[in-house]
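Fold the following for me, if possible:
(one chain, ligands or ions: 2)
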Amino acid sequence: MKYATSSALTIAGTDPTGGAGIQADLKSFQEREVYGMSVVTSVVAQNTLGVQSIEHLSVSFIEKQLESVFNDIVPDVVKTGMIATPEMMEVVSHAIKSNHVPYVLDPVMVAKSGDHLMDKESRQTIREALVPLSTVITPNIPEAEELLEVSIQSTEDAEIAAKRIVEELGAQSAIVKGGHFAGDAIDILFDGKKIYKFPTERINTKHTHGTGCTYSAVIAAEIAKGKSIYESVAIAKQFITDAIRFSLEIGRGNGPTNHWGYRLQGVPENKTKEAN
Ligand SMILES: Nc1ncnc2c1ncn2[C@@H]1O[C@H](COP(=O)(O)OP(=O)(O)OP(=O)(O)O)[C@@H](O)[C@H]1O
Ligand SMILES: Cc1ncc(CO)c(N)n1
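Ligands and ions are numbered 1, 2, ... in the order given. The predicted model follows:
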């Protein structure tokens with residue numbers, strides 16, 4: 001028997017330790033019961049301690065991978081993460097434009113460890129080549145600051161930033177994530193009409209490697225199923241909160257989130273450990 005499914009394609013870099021990048025995206029798609037596909041842009045030697053080295057695939061080979069996917073399975077959504085150079089952005093932009101698919105843009109610039117994942121020129125190109133194509137863009141505070149060349153110090157600043165990313169840079173909707181603020185983790189969504197706030201209590205943990213990748217991948221998975229932006233963000237916010245709350249004791253640095261954390265809600269304490 002064949003079983004109908006939605007599908008999602010991530011175009012991003014890798015994390016061989018499985019917490020961020022393509023690996024986090026595929027785990028998230030799977031948890032949300034969406035068929036996951038991936039096109040690799042850069043192979044990153046990284047772990048929970050930081051980034052050790054990066055090798056970019058050639059633009060022509062990225063293009064070949066995109067053709068292999070789109071000539072066979074047109075995804076219900078595309079999500080992009082690490083796209084390191086302007087040339088890579090051009091081929092990705094072409095694939096998204098010619099296939100008219102919903103597009104979740106995670107403008108990955110710097111890893112939690114502080115290592116740069118994108119060169120300086122690309123931070124300019126992303127604004128022109130990718131932001132106007134996005135159904136939703138998911139910057140953290142430093143990324144929103146970089147996109148708009150402003151300083152964001154408060155939730156009110158984040159609201160203004162989300163609006164400006166839509167009205168001035170041309171995204172259809174924008175979520176400015178509050179993970180980098182002190183206090184509650186409040187994400188701000190502007191969907192082109194209204195501002196919505198998604199607050200959660202900050203979980204006191206250092207294990208937040210790959211939170212942004214996981215969050216945007218879940219948003220993408222829900223959009224693939226036809227959910228609204230608001231519903232997709234609400235589901236993703238719950239998912240990432242549980243993934244951080246039940247983060248895994250693995251690795252020697254800032255450990256990964258737990259992609260099956262949401263399944264542990266209500267599981268007896270002896271089977272789980274609160275993150276700390
Ligand atoms: N300590 C925390 N407690 C609760 N929620 C958090 C915490 N840290 C991040 N979040 C939430 O996780 C999601 C991802 O946001 P974050 O700002 O961490 O992304 P990011 O910096 O792009 O992540 P990364 O670059 O490491 O993948 C947001 O919903 C944010 O509010
Ligand atoms: C490949 C990749 N994409 C995104 C991030 C952001 O956390 C990371 N660390 N690595």
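
so where do the strands sit in the chain?
Here the chain has its strands, by DSSP state E, at 7-12, 35-40, 42-47, 50-56, 77-80, 103-105, 136-137, 174-176, 185-190, 195-200.

Select, out of these, the one closest to ligand 1.
Across the strands of the chain, ligand 1 has its closest neighbour in strand 185-190 (3.3 Å, Cβ to the nearest ligand atom). C-betas here are computed from N, CA, C, even on glycine.

Tell me how far that closest one lies from the chain's centre.
Taking Cα atoms, centre = their mean, to the nearest Å, the mean C-alpha location of strand 185-190 is offset from the chain mean by 14 Å.

Is any residue of stretch 162-169 near ligand 1?
No. For stretch 162-169 and ligand 1, the contact criterion (Cβ under 6 Å from any ligand atom) is not met; the two come no nearer than 13.5 Å.

hmm, back to that, mind putting the strands of the chain in JSON lines, mean neighbour count, distance to ligand 1 and mean pLDDT included?
Below are the strands of the chain laid out as JSON lines (neighbours: other Cβ atoms under 10 Å; distance: least, Cβ to the nearest ligand atom, whole Å; pLDDT from 0 to 100):
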{"stretch": "strand 7-12", "mean neighbour count": "27", "distance to ligand 1": "11", "mean pLDDT": "98"}
{"stretch": "strand 35-40", "mean neighbour count": "21", "distance to ligand 1": "16", "mean pLDDT": "98"}
{"stretch": "strand 42-47", "mean neighbour count": "20", "distance to ligand 1": "11", "mean pLDDT": "98"}
{"stretch": "strand 50-56", "mean neighbour count": "14", "distance to ligand 1": "12", "mean pLDDT": "96"}
{"stretch": "strand 77-80", "mean neighbour count": "29", "distance to ligand 1": "13", "mean pLDDT": "98"}
{"stretch": "strand 103-105", "mean neighbour count": "27", "distance to ligand 1": "12", "mean pLDDT": "98"}
{"stretch": "strand 136-137", "mean neighbour count": "28", "distance to ligand 1": "12", "mean pLDDT": "98"}
{"stretch": "strand 174-176", "mean neighbour count": "30", "distance to ligand 1": "8", "mean pLDDT": "98"}
{"stretch": "strand 185-190", "mean neighbour count": "23", "distance to ligand 1": "3", "mean pLDDT": "96"}
{"stretch": "strand 195-200", "mean neighbour count": "15", "distance to ligand 1": "5", "mean pLDDT": "96"}
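
Turn these into TSV, including distance to ligand 2.
Output for the strands of the chain, formatted as TSV (distance: least, Cβ to the nearest ligand atom, whole Å):
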stretch	distance to ligand 2
strand 7-12	6
strand 35-40	9
strand 42-47	5
strand 50-56	7
strand 77-80	10
strand 103-105	13
strand 136-137	15
strand 174-176	16
strand 185-190	16
strand 195-200	19
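
Which among the ones you listed is found nearest to residue 97?
Distance to residue 97, taken as Cβ to Cβ, is lowest for strand 103-105 among the strands of the chain, at 9.5 Å.

Contacts for that closest one, please.
Contacts with strand 103-105, where a contact means Cβ atoms under 8 Å, 6 or more residues apart in numbering, come from 77-80, 96, 130-131, 133-138, 171, 216, 219-220, 223.

ok, it: who's next to it in the sheet?
strand 77-80 (parallel), strand 136-137 (parallel) (DSSP bridges).

The lowest-mean-pLDDT helix or strand in the chain near ligand 2 at all?
The helix or strand of the chain with the poorest confidence is helix 120-129; it has a mean of 88 (mean pLDDT, DSSP states H and E). No. No part of helix 120-129 sits near ligand 2 under the criterion Cβ under 6 Å from any ligand atom; the closest distance found is 13.5 Å.
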